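Novice: can't give you the sequence, but here's the structure:
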């Protein structure tokens, strides 16, 4: 049976269980099972390679010792083992990160995991289906890696869980353009299920890692943080699938929950799609400078990225970043203006790729952009590139997603940052704007393509975005008028005295 058929069969079995409700819970249930099976397959490889290898957790919890036998424990006995032994012991595993890093990874993965299934017989059927996949076989593991991407993509139909997935075409394009090298620290501070980290790992492995020592270096390069339990578990499993033996640098927590002044990290590469449209819990904004405080998640992440990118050293270039942000960041005022001013003063914001509608369909129609910048030199000009729909496509959807090949025009046009992108030329899709003009616009980066005439849009989301922008402009004018009137009244009262 094919890997895809196995996964479909597992989902069908789970639908019969009264404890599993909806796609998100089915994925959560499958995730901890997949994690333990993949972890055990990796254990077998490490045991074969290392003569003095020590198992990082009690051996009765290795997949081979409780799940691999299709005639093994089932029914109530299996449920009692999972709920009363496996989960409590793995959650409370004594595994210091320095002495037992792989055990620490297991403990972190299970910290908030949960067994949703209530029928032990159905659970045994799911386990037996998973046993049909051989994760020690490199070809089958690679095949499952592609299927795993599809499972993550299916999160889009699982309510707000869709926020964890960035289209693969975008992650590939971003990583291809930022071009992380061997030995460079690579981070996604809001890593979700690990799409950017996995893509960065593959990029370095395929282009720069030539020896076994290079591979060990690469394993230490990957850093990520994810706030929510399910995507963190999926990300950790994703890293194991890609060959990272000890993904301890993929942490479960909130990156923003640390005062900005306390960060002493200096990252070479940051690639991320931080959550946008949401707000942080009360108090998080106090971790940031008083004049830049906000509760809007994307704005806080942008500040953090600017802060922790490596400054230029010994004549080398500074840290590089590519960040997916909504249109609201480009035209927003107030704190957003101050953050954009900081960005252009601290970094060379050299390129903004404007993405078309529908890239993140079906769970949001908000228009998005990719900001590429390098820390260390102020911005002198910004190149804009408006990514068009391919011929015959009017919008993206689940059956017609964006493809990496669409970015080939951008890649051919891109040029080299070392020479200031001297080869770039203006086209129907590309134009440049000087920092002086941007300053004159009060750092409004929502700059339309000058090569395209005025177009009337009938897209509901775009109309809503335009309305929100107009309301923001009106509110800004109201605030300005109130300030003028208040000053005039104050002066009049002082004159009367």
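Specialist: Sure thing, it's come through. Since we're looking at a predicted model, the values are computed, not measured.

Novice: wait, isn't residue 429 in contact with residue 389?
Specialist: No: between residue 429 and residue 389 there is no contact under C-beta atoms under 8 Å: 11.5 Å. For glycine as for every other residue, the C-beta is placed from the backbone atoms N, C-alpha and C.

Novice: So for those two, which residue has more residues nearby?
Specialist: residue 429 (18 against 14; other C-beta atoms under 10 Å).

Novice: Could you tell me how far the more buried one is located from residue 274?
Specialist: According to C-beta to C-beta, to the nearest Å, residue 429 stands 26 Å off from residue 274.

Novice: residue contacts, the nearest residue to residue 414 once chain neighbours are set aside?
Specialist: Nearest in space to residue 414, with sequence neighbours left out and distances taken as C-beta to C-beta, 6 or more residues apart in numbering, is residue 177 at 6.5 Å. Listed by C-beta atoms under 8 Å, 6 or more residues apart in numbering, the contact partners of residue 177 are 322, 372, 410-411, 414.

Novice: From residue 370, how far off is residue 177?
Specialist: Relative to residue 370, and taking C-beta to C-beta, residue 177 is found at 9 Å.

Novice: which residues are in contact with both of the two?
Specialist: With C-beta under 8 Å, 6+ apart, residue 177 and residue 370 have common neighbours residue 322.

Novice: From residue 103, how far off is residue 118?
Specialist: 29 Å.

Novice: When these two are compared, which one has more neighbours?
Specialist: Ranked by neighbour count (other C-beta under 10 Å), residue 118 and residue 103 place residue 103 first, with 21 against 13.

Novice: Please name the nearest non-neighbouring residue to that one.
Specialist: That would be residue 95: by C-beta to C-beta, 6+ apart, it lies 3.1 Å from residue 103.

Novice: how about that neighbour, secondary structure?
Specialist: For residue 95, the secondary structure call by DSSP: H, G, I helix; E, B strand; the rest coil comes out as coil.

Novice: The nearest residue to residue 279 once chain neighbours are set aside: what's it in contact with?
Specialist: Residue nearest to residue 279 in three dimensions, not counting chain neighbours: residue 295, with 4.3 Å by C-beta to C-beta, 6+ apart. Shown in contact with residue 295 (C-beta under 8 Å, 6+ apart): 279-280, 282, 284-285.

Novice: quick one: the residue nearest to residue 103 and residue 107 touch, right?
Specialist: Yes: taking C-beta under 8 Å as the definition, residue 95 is a contact partner of residue 107 at 5.2 Å.

Novice: just the buried members of the contacts of residue 177?
Specialist: By neighbour count, with 16 or more other C-beta atoms under 10 Å, the contacts of residue 177 hold 322, 372, 410, 414 as buried.

Novice: Need the residues that contact whichever strand or helix holds residue 233.
Specialist: Taking DSSP states H and E as the criterion, residue 233 maps to helix 229-241. The contact list for helix 229-241 (C-beta under 8 Å, 6+ apart) reads 24, 27-28, 31-32, 34-35, 38-39, 42, 105, 108-109, 111-113, 141, 144-145, 148, 152, 161, 164, 191-195, 197-198, 201, 222, 224, 226, 247, 250, 252.

Novice: Which of those fall within strands?
Specialist: 222, 224, 226, 250, 252 (DSSP state E).

Novice: Which among these count as buried?
Specialist: Neighbour counting by 16+ other C-beta under 10 Å classes 222, 224, 226, 250, 252 among the ones in strands among the contacts of helix 229-241 as buried.

Novice: Which residue comes closest to the first one once chain neighbours are left out?
Specialist: Think residue 222. Per C-beta to C-beta, 6+ apart, closest to residue 222 is residue 197, 5.2 Å.

Novice: Next up, the contacts around the one you found.
Specialist: Contacts of residue 197 (C-beta under 8 Å, 6+ apart): 186, 188, 191, 222, 224, 235, 238-239, 250.

Novice: Helices of the stretch 51-200 of the chain, start to end?
Specialist: In the stretch 51-200 of the chain, the helices defined using DSSP state H, counting those that start in this stretch lie at 63-66, 75-81, 87-91, 101-109, 120-130, 138-153, 168-178, 195-207.

Novice: quick one, domains of the chain?
Specialist: According to automatic domain parsing, the chain comprises the domains 3-136, 153-455, 459-486.

Novice: And for the residue nearest to residue 166 when sequence neighbours are not counted, the neighbour number?
Specialist: Nearest in space to residue 166, with sequence neighbours left out and distances taken as C-beta to C-beta, 6+ apart, is residue 273 at 4.5 Å. As a burial measure, residue 273 scores 28 neighbours (other C-beta under 10 Å).

Novice: Next: the one 5 residues further on.
Specialist: Around residue 278 sit 12 other residues, with neighbours defined as other C-beta under 10 Å.

Novice: I figured residue 28 was touching residue 112, is that so?
Specialist: No: Residue 28 lies out of contact with residue 112 (C-beta under 8 Å); the separation is 9.9 Å.

Novice: neighbour-wise, which of these two wins?
Specialist: Per other C-beta under 10 Å, whichever of residue 28 and residue 112 has more neighbours is residue 28, with 22 against 14.

Novice: Just the element for residue 325, please.
Specialist: Going by DSSP H and E, residue 325 is part of strand 320-326.

Novice: How far off centre is the next helix or strand after that strand?
Specialist: Next along the chain after strand 320-326, taking DSSP H and E as the criterion, comes helix 327-331. Centre-to-centre, helix 327-331 and its host chain are 19 Å apart (C-alpha atoms, centre = their mean, to the nearest Å).

Novice: Who are the packing partners of the next helix or strand after helix 327-331?
Specialist: Next in sequence after helix 327-331, counting helices and strands by DSSP H and E, comes helix 335-346. For helix 335-346, the contact count by 3 or more C-beta pairs under 8 Å, 6 or more residues apart in numbering; DSSP states H and E identifies helix 297-308, helix 327-331 as packing neighbours.

Novice: Pick the most buried one from those.
Specialist: helix 297-308 (a mean of 23; mean count of other C-beta atoms under 10 Å).

Novice: quick one: that one to chain centroid distance?
Specialist: With C-alpha atoms, centre = their mean, you get 14 Å for helix 297-308.

Novice: Show me what that helix packs onto, helices and strands only.
Specialist: strand 269-272, strand 320-326, helix 327-331, helix 335-346.

Novice: and those as CSV, adding mean pLDDT and distance to residue 57?
Specialist: Shown next, in CSV, are the helices and strands packed on helix 297-308 (pLDDT from 0 to 100; distance: least, C-beta to C-beta, whole Å):
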stretch, mean pLDDT, distance to residue 57
strand 269-272, 97, 31
strand 320-326, 95, 37
helix 327-331, 90, 43
helix 335-346, 95, 44
